[in-house]
Structures are given as structure tokens and as C-alpha cells.
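**Student:** here's a sequence, model it:
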Amino acid sequence: MRIRFVAHRAVAVLALAATLPSAHAADPKPEPVRFQHKDWALQCDNTRTCRAVGYQSEDGDFEPASILLTRPAGPNAPVQVDLQVYSEKADPAALDLQVGKLSLRGLEGTIPRVPAGQVPRLLQELLRNDEATLSAGNDRWTLSLAGASAVLLKMDEAQGRIGTPGALVRRGTKAESSVLRPAAAPVVKGVLPVAPRKGDGALARPLLAEIDRASVADQCNGQDPLNPSTAQVRRLTDRKLLVSLPCGMGAYNYSKLLWVASDLPPHKPEPLQDVDGEFDADTGSVHSAMKGRGIGDCWSTRDWQFDGQGFVLTREAGDSMCRGFPGGAWQLPSYVTR
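**Tutor:** Here you go, the predicted model:
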């Protein structure tokens, strides 16, 4: 997340997506698209940027390997291809990629990128073959291509490319100008929290006294969710406070409940619906990260920003599959803002 502070009123503009052209007037408002088939998956966000990922097969003893294809919306938009492998050894200095008749050697970087000039041929080979091989010295990783055709066809559909020369799977002679344009990412103007005041922490007890205990107990586990010793009180504005309490505790995930309240009695704490996570007082944001399973090889994340009145969703992303990468292989956005 990149935040730029503007003028003396400390307004932050979130730059969570690159500046995009305005959506074509005739284009419908895009909805995030999610699709999965065999060892491949697709996620398109609210700007119509689509990301397709493929992994090693779940059948057999294969080391984690993945490929990411990213394509923004719009006519003649290029496809960017990134690769990733996992090894218990040191990260390889370079990778070789073999798929069908295409051989690419010495792809460097922590996340190697396929040269743009080789991408069109690579896309052809991905659709013609059953698997690709990544290697570094004597180490080998096998990337499954099962599901690639269906996922890339779905990408074409989501971006309005089917039947055009730029389609990945089902090409035709329709004009490229018919392809759906990028949609502009919403702009969120966030207000930074003011400095804390002496005595803010002491407000936890009277604030919690105004919260209905039964409603909290229905949502949380634990002995006493309204325990003032576990509450955090953070100042948002001259008059508004954020109150957070630990709530759900599972095997490897936990959640918090959040309220916005007045610092003067009656405090009237208002629960934040669908906002859960850790508050960052430096940026005025709340971040949530949830594991898909205990070993932590897939995650879903969400971010919200304080805008002076409440908290606005600014980003939502997640792994498409749990395939053995510690920390997850990729975070594929479904919702982005600027």
C-alpha cells in the first residue's frame, strides 16, 4: 500500500492501483470475476484487470511451482508472465523454463519474469501442452497446465475479448475496439488520526459499559469479551475514538470487534460492520489477514481506511489455491482503490 499525504489537513490518497483510463460510457460496471478449473484459477478485480495462476498438480509428489499471467483491460493490452518456485534450499539465482517447443533460459530475479517478446509464443505453448518444467541446476519443478485453457478463456470472456485478434483462446476478426475498457478504481481520501490524548486509555471502561454484552457474547468466544484490560482505545479525531476488542479465536485465526464512539458521554459506540483486523494509528487503516489453512500457504486479506466519518474498504485480495508456498504464492486483488 502506498499513501501520499496532501496539504496541511493531512489528507491521504491511497494508491492501491495504477491510474487507469476512464471506463467507456457503454461498458457495464464491472464485478470481480473468480473462476477455478483443475490446477488453474482466475481473479479479475473491479478495474477489469485479470490475473490467472497455475500451480503444480495435486496428484503426486511435486514441489511447489506457480505461474502468474496478468492482463489489464482494454484493446491490445499486453500479458505479463511471472514465475515462482519454492525450495527448502536457497532461492535459485535463475530459472529455466521448458514448455513444448519453447525453451527460455536464465530467467533471473526472486520472481522471474518472462521477456515480453517471448510471451506470445509462451501463451501458444501453454495451450498446447499438459505441463511445463522449471529448473535450476539439478532441481526440477513441474507446472501443471490442466485447466489453463478454461481459465484463459474465462479471462477473455471477462475482458470482452472473445472473437477478437487479441483473445488468448478463441480468436476472431471482431475489432479490438470492441474490447471492454478499464474501469477507474475508486478514489479514497483518508484522514489521518489525530495524536492520542492523556487519559484516552481510561475511557475503555465507560465505553464498554455502553455496549450490549449479549450481542458481543453471541459473536465471540472466550471468558469475558468485554474486558477493559483487553480493549484498545485509539483517537481518530478531536471527538471520535476507535475501540477494539479481541473476539473470535480459532486454531490459527483470530478476529476483533471494532466500534467508533464519542469521547464525551454518552459515548454511543457504533459497531463497524464487516470491518475486522489490526488498526494502524500511523495511517488510519485497518488490516485483516486470515489463513486458509494452518500451514499458512494461502491467505485472504482486506484493508479499510478512515475517511473522517468511518472506515471504507480499500483493498481485498487472496490466494486462489493452497498449494504449499509458505505465506502464499500470490495475492490476487478482487477490489482495488486509488
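**Student:** for K154, which non-adjacent residue is spatially closest?
**Tutor:** Among residues not flanking K154 along the chain, F35 sits closest, at 4.5 Å (CB to CB, 6 or more residues apart in numbering). From N, CA and C alone the C-beta is placed, and that goes for glycine too.
**Student:** what are the phi and psi values at the one you found?
**Tutor:** When quoted as degrees, to the nearest 10, the phi and psi of F35 stand at phi -150, psi 140.
**Student:** mind checking how far it is from R315?
**Tutor:** Applying CB to CB, to the nearest Å, the value for F35 to R315 is 21 Å.
**Student:** again, but for R71
**Tutor:** With CB to CB as the criterion, R71 and R315 are 20 Å apart.
**Student:** repeat for T49
**Tutor:** According to CB to CB, T49 stands 13 Å off from R315.
**Student:** overlap in contacts, these two.
**Tutor:** Applying CB atoms under 8 Å, 6 or more residues apart in numbering, one finds that T49 and R315 are jointly contacted by P333, V336.
**Student:** quick one on the thing from earlier: who does the residue nearest to K154 bridge with?
**Tutor:** Counting by DSSP bridges, F35 is bridged to L42.
**Student:** tell me the domain ranges of this structure?
**Tutor:** When the chain is parsed into structural domains using automatic domain parsing, the resulting residue ranges are 1-17+185-192+290-338, 24-178, 194-282.
**Student:** show me how far the last one is from its chain's centre.
**Tutor:** From the chain centre to the centre of domain 194-282 is a distance of 26 Å (CA atoms, centre = their mean, to the nearest Å).
**Student:** I'd like the mean pLDDT over it, please.
**Tutor:** Domain 194-282 carries an average pLDDT of 91.
**Student:** residues in contact with the residue nearest to E31 when sequence neighbours are not counted?
**Tutor:** Closest residue to E31 apart from its sequence neighbours, by CB to CB, 6+ apart: N46 at 7.4 Å. Residues near N46 by CB under 8 Å, 6+ apart: P30, E31, P32, A183, A185, P186, S334, Y335, V336.
**Student:** return the distance of the closest residue to R323 other than its chain neighbours relative to V81.
**Tutor:** Nearest residue to R323 in three dimensions, chain neighbours excluded: Y55, at 4.3 Å (CB to CB, 6+ apart). Distance of Y55 to V81, computed by CB to CB: 15 Å.
**Student:** before we move on, what about Q309?
**Tutor:** For Q309, the distance to V81 - CB to CB - is 42 Å.
**Student:** so the two - more neighbours on which side?
**Tutor:** The neighbour count for Q309 versus V81, taken as other CB atoms under 10 Å, is higher for V81 (24 against 11).
**Student:** give me the element that one is part of.
**Tutor:** Assigned by DSSP states H and E, V81 falls within strand 80-85.
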